[in-house]
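**Student:** Have a look; sequence and predicted model below, questions after that.
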Amino acid sequence: MMNRRRALALGLAATAATAALVDAPALALQAHDFILGPPVPDREPKRLSPHVWMIEAPDGFPTPENRGLMANIVFAIGPGGVVVMDSGCSLQIGEMAIRMIRHLTTKPVVAVFNSHYHGDHWLGNHAFAKVYGADLPIHALPHTIDKIKGTEGTLWKGLMERWTNQSTMGTEIVAPNRAVVHGQRLALAGLTFVMHHYGTAHTPSDLSVQVLEDGLTCVGDIAMGNRIANMDDGSYPGTLAYYQRLQQATGQGQLWVPGHGSASRELLTAYGVFMSGIWDNCLRAVKEEKSEAQAKAMVLADPRVASRAATMQGFASNIGKYVSLAYLEAEKEAF
């Protein structure tokens with residue numbers, strides 16, 4: 001009896017082992033997909049100028065469907081290599097960007113810039129460091145580097161995973177490793193890159209990168225094509241002042257390339273009109289001792305704001321919050 005029981009147990013174990021072997025590839029694939037999010041479909045770059053191309057994100061906010069592709073990735077191809085301005089919000093998006101770059105050139109990526117510390121603009125660093133080496137120069141302002149190395153980096157990694165239903169899983173935090181300062185000029189890949197920073201705008205450390213030879217400046221999130229800007233870390237009057245000083249420094253005719261939306265020579269002017277519509281009304285409401293609710297009504301009635309309400313991404317869900325932020329800042333400004 002014992003021998004029969006032992007034989008039966010061994011037979012069952014063998015059957016289970018065989019089944020496990022048969023299912024092993026499927027299980028491995030499932031485990032891989034869980035540890036690493038799925039690849040991001042290719043998105044063809046658009047040529048903006050003689051040296052500069054942009055992979056334009058179709059959406060302004062992350063979703064499971066777009067797998068986090070919400071921010072533009074810009075790159076310049078020079079005689080000596082490729083320079084990337086913002087790397088995207090995941091390993092997978094960075095890998096897609098590298099594939100697109102390789103469709104255009106065999107030259108290596110020699111440097112990356114991160115415009116600020118919000119994760120949709122730098123989590124793709126992982127892909128570039130993985131392919132081009134851990135010492136690949138990744139440039140940012142010192143405050144941005146500190147924020148990414150601190151809690152902000154971990155926060156954004158987790159947020160992206162949550163917002164995309166784990167599509168960005170496997171992405172590691174790779175902080176910038178080269179600090180830059182306002183006014184600095186870097187000769188990279190045979191091109192000249194000029195650093196601009198004029199105080200708090202979208203964040204306290206927004207880096208705008210000018211490609212001197214092309215009359216083009218990447219402005220990160222200080223201005224957006226058709227998306228309402230997150231002002232949690234920013235300043236309305238600071239943003240408007242930044243626009244003025246940046247335009248004075250770069251001269252006429254610049255092509256402005258935003259982190260979200262299409263490039264345009266009118267970008268700063270157009271977005272400045274919208275931002276002024278919020279700020280001017282909040283400041284006036286505070287000075288006239290009107291409530292925040294009254295300030296919001298004034299903002300929504302202003303043609304500078306109302307003209308964007310129907311088409312601007314994120315407007316309906318965020319305008320109340322950003323009016324509140326403007327009103328609080330106006331209280332400080334007025335008193």
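**Tutor:** Arrived safely. Numbers count the residues shown, from 1 in each chain.

**Student:** Let's verify residue 285: helix, strand, or coil?
**Tutor:** Three-state assignment for residue 285 (DSSP: H, G, I helix; E, B strand; the rest coil): helix.

**Student:** that's a strand at residue 112, yeah?
**Tutor:** Yes - per three-state DSSP, residue 112 lies within a strand segment.

**Student:** how deep is it tucked in, by neighbour count?
**Tutor:** Residue 112 is flanked by 28 other residues according to other C-beta atoms under 10 Å. Glycine gets a C-beta too; all of them are placed from N, C-alpha and C.

**Student:** Isn't it up against residue 133?
**Tutor:** No - using C-beta atoms under 8 Å, residue 112 is not in contact with residue 133, being 11.8 Å away.

**Student:** residues of stretch 104-111 that come out buried?
**Tutor:** Residues 107, 109-111 are the ones in stretch 104-111 that count as buried (16 or more other C-beta atoms under 10 Å).

**Student:** Can I get that stretch as PDB, trimmed to CA atoms?
**Tutor:** Presented in PDB, the C-alpha positions along stretch 104-111 are these (Å, rounded to 0.1, in the frame of the first residue of the first chain):
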ATOM      1  CA  LEU A 104      17.600  59.500 -38.400                       C
ATOM      2  CA  THR A 105      21.300  59.100 -37.500                       C
ATOM      3  CA  THR A 106      23.900  56.600 -36.400                       C
ATOM      4  CA  LYS A 107      25.600  59.300 -34.200                       C
ATOM      5  CA  PRO A 108      25.500  58.700 -30.400                       C
ATOM      6  CA  VAL A 109      23.700  60.700 -27.800                       C
ATOM      7  CA  VAL A 110      26.400  62.800 -26.200                       C
ATOM      8  CA  ALA A 111      24.300  64.800 -23.600                       C
END
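
**Student:** For residue 197, which residues are in contact?
**Tutor:** By C-beta atoms under 8 Å, 6 or more residues apart in numbering, the contact set of residue 197 is 141, 181-182, 205-208.

**Student:** Buried members of those residues into ChimeraX, please.
**Tutor:** Of the contacts of residue 197, the buried ones go into a single ChimeraX selection, burial set by 16+ other C-beta under 10 Å:
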select :141,205,206,207,208
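
**Student:** Strands along the stretch 51-200 of the chain, start to end?
**Tutor:** For the stretch 51-200 of the chain, applying DSSP state E, counting those that start in this stretch gives strands covering 52-55, 73-78, 81-85, 109-113, 138-140, 178-179, 185-188, 191-196.

**Student:** Also the stretch 201-335 of the chain?
**Tutor:** With DSSP E, counting those that start in this stretch applied, the stretch 201-335 of the chain shows strands at 208-211, 216-220, 255-258, listed in chain order.

**Student:** my guess is residue 128 contacts residue 87, does it?
**Tutor:** Yes - using C-beta under 8 Å, residue 128 makes contact with residue 87 at a distance of 5.8 Å.

**Student:** what is in contact with these two at once?
**Tutor:** Contact criterion C-beta under 8 Å, 6+ apart; residues shared by residue 128 and residue 87: 94, 112.

**Student:** neighbour count winner among the two?
**Tutor:** Taking neighbours as other C-beta under 10 Å, residue 128 and residue 87 compare with residue 87 leading, 31 against 25.

**Student:** ok, now which ones touch that one?
**Tutor:** Counted by C-beta under 8 Å, 6+ apart, residue 87 has contacts 73, 93-94, 97, 112, 114, 121-125, 127-128.

**Student:** Kindly tell me how buried the residue nearest to residue 147 when sequence neighbours are not counted is, as a neighbour count.
**Tutor:** Distances taken as C-beta to C-beta, 6 or more residues apart in numbering put residue 117 closest to residue 147, at 3.9 Å, once the chain neighbours are dropped. For residue 117, the neighbour count with other C-beta under 10 Å is 28.

**Student:** so residue 117 sits right up against residue 202, yeah?
**Tutor:** No - the pair residue 117 / residue 202 is not scored as a contact, 10.4 Å apart, by C-beta under 8 Å.

**Student:** quick one: low-confidence ranges for the chain?
**Tutor:** For the chain, the stretches with pLDDT under 70 are 1-34.

**Student:** swap the cut-off to 90 and go again
**Tutor:** Under the criterion of pLDDT under 90, the regions of the chain flagged as low confidence span 1-35, 58-60, 252, 333-335.

**Student:** Tell me which stretches of it form helices.
**Tutor:** All helices of the chain, identified by DSSP state H, fall at 2-35, 91-104, 125-132, 142-149, 151-163, 236-250, 267-287, 292-301, 303-306, 315-334.

**Student:** Quick one: closest of those helices to residue 224.
**Tutor:** Of all those, it is helix 267-287 that lies closest to residue 224, at 6.4 Å by C-beta to C-beta.

**Student:** List the contacts of the closest one.
**Tutor:** When contacts are defined by C-beta under 8 Å, 6+ apart, helix 267-287 is touched by residues 219, 223-225, 229, 236-237, 239-240, 243, 246-247, 256, 258, 264, 291-292, 294-295, 298-299, 302-305, 308, 312, 322-323, 326-327, 329-331, 333-334.

**Student:** Can I have the buried ones of these as a PyMOL selection?
**Tutor:** Buried residues among the contacts of helix 267-287 (16+ other C-beta under 10 Å), as a PyMOL selection:
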select buried, resi 219+223+224+225+229+236+237+239+240+243+246+247+256+258+264+292+295+298+299+302+304+305+308+312+322+323+326+327+329+330+333
